[in-house]
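Asks: model this:
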Amino acid sequence: ECIESTQIYSASGKLGDAMAIYERPFRSPHHLISNIALIGGGLYPKPGEISLAHNGVLFMDEMLEFKSSVLEVLRQPLEDGYVNISRSKNSVEFPADFMLVGAMNPCPCGYLTHPDKECDCSPYMINKYQNKLSGPLLDRIDMQVYLTEISLDNLSKQKSDITSKELRSKVLYAREIQNKRFFEQNILALVFLGKAF
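Replies: Numbers count the residues shown, from 1 in each chain. Coordinates of the predicted model:
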């Protein structure tokens, strides 16, 4: 994964002074992004945000604020795990196996499911807004979670049974197990990276 991500960032010119990408990518494009910036392309094709999120997360905040045409370019990469960009002289394939996480309001004003505030959107407006996500794109989204606002009072009253210190020790223990499990693969990857760079 490290090698793949490093190659993608190098091809896009975003590697900078780093020798390699050692963490899984997290990309969060603005909702005014163009199709080409998201999927990749240009005269000399470069990877877009979809490929830069390969092996990581593509987070789309206010998902329904993105243009419908931009959302539709997600369909093929979500299905196939790669992006194919064709030009008159050649065709380039970039990997694009990422986890898509989207956040959105249920309506233009954002108060459709709010417990205290009333939504002032008409049924037509709500339907038009929600239909920006096409059926084929929704079919590729495995999990949908509907949330309502929690008041600060309710949030502060909730007490956890576990302290931050205990939670930290559990996370460190889980990482230790994973490191032991993949020790040989990690060593081979580091040796390869040492030779490559």
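Asks: quick one: stretch 58-75 to chain centroid distance?
Replies: 11 Å (Cα atoms, centre = their mean, to the nearest Å).
Asks: got the end-to-end distance for that stretch?
Replies: 14 Å (Cα to Cα, to the nearest Å).
Asks: show me which positions of it end up buried.
Replies: Using 16 or more other Cβ atoms under 10 Å as the test for burial, stretch 58-75 gives 58, 59, 60, 63, 64, 66, 70, 71, 72, 73, 74. Using the backbone N, CA and C atoms, a C-beta is placed for each residue, glycine as well.
Asks: now it: mean pLDDT?
Replies: For stretch 58-75, mean pLDDT rounds to 92.
Asks: got a list of contacts for it?
Replies: With contacts defined as Cβ atoms under 8 Å, 6 or more residues apart in numbering, stretch 58-75 is touched by 26-29, 31, 33-35, 38-39, 49-50, 98-105, 129-130, 132-134, 136-137, 140.
Asks: 7 Å - rerun?
Replies: The contact list for stretch 58-75 (Cβ atoms under 7 Å, 6 or more residues apart in numbering) reads 26-28, 31, 33, 35, 38-39, 49-50, 98, 100-104, 129, 132-134, 136-137, 140.
Asks: can you check stretch 9-26 too?
Replies: Taking Cβ under 7 Å, 6+ apart as the rule, stretch 9-26 contacts 2, 5-6, 46-47, 52-57, 59, 193, 197.
Asks: quick check: the farthest pair among those residues?
Replies: 59 and 197 (28.9 Å; Cβ to Cβ).
Asks: any idea what the residue positioned nearest the centre of the chain is bridged to?
Replies: Centroid-nearest residue in the chain, with Cα atoms, centre = their mean: residue 58, separated by 1.4 Å. Beta bridges link residue 58 to residue 27, residue 100 when assigned by DSSP bridges.
Asks: that one and residue 104: what is the separation?
Replies: 14 Å (Cβ to Cβ, to the nearest Å).
Asks: likewise for residue 172?
Replies: From residue 172 to residue 104 the distance is 35 Å (Cβ to Cβ).
Asks: with residue 168 instead?
Replies: 32 Å.
Asks: tell me which of these two has more neighbours.
Replies: residue 104 (17 against 10; other Cβ atoms under 10 Å).
Asks: roughly how far does the more buried one sit from residue 133?
Replies: 8 Å.
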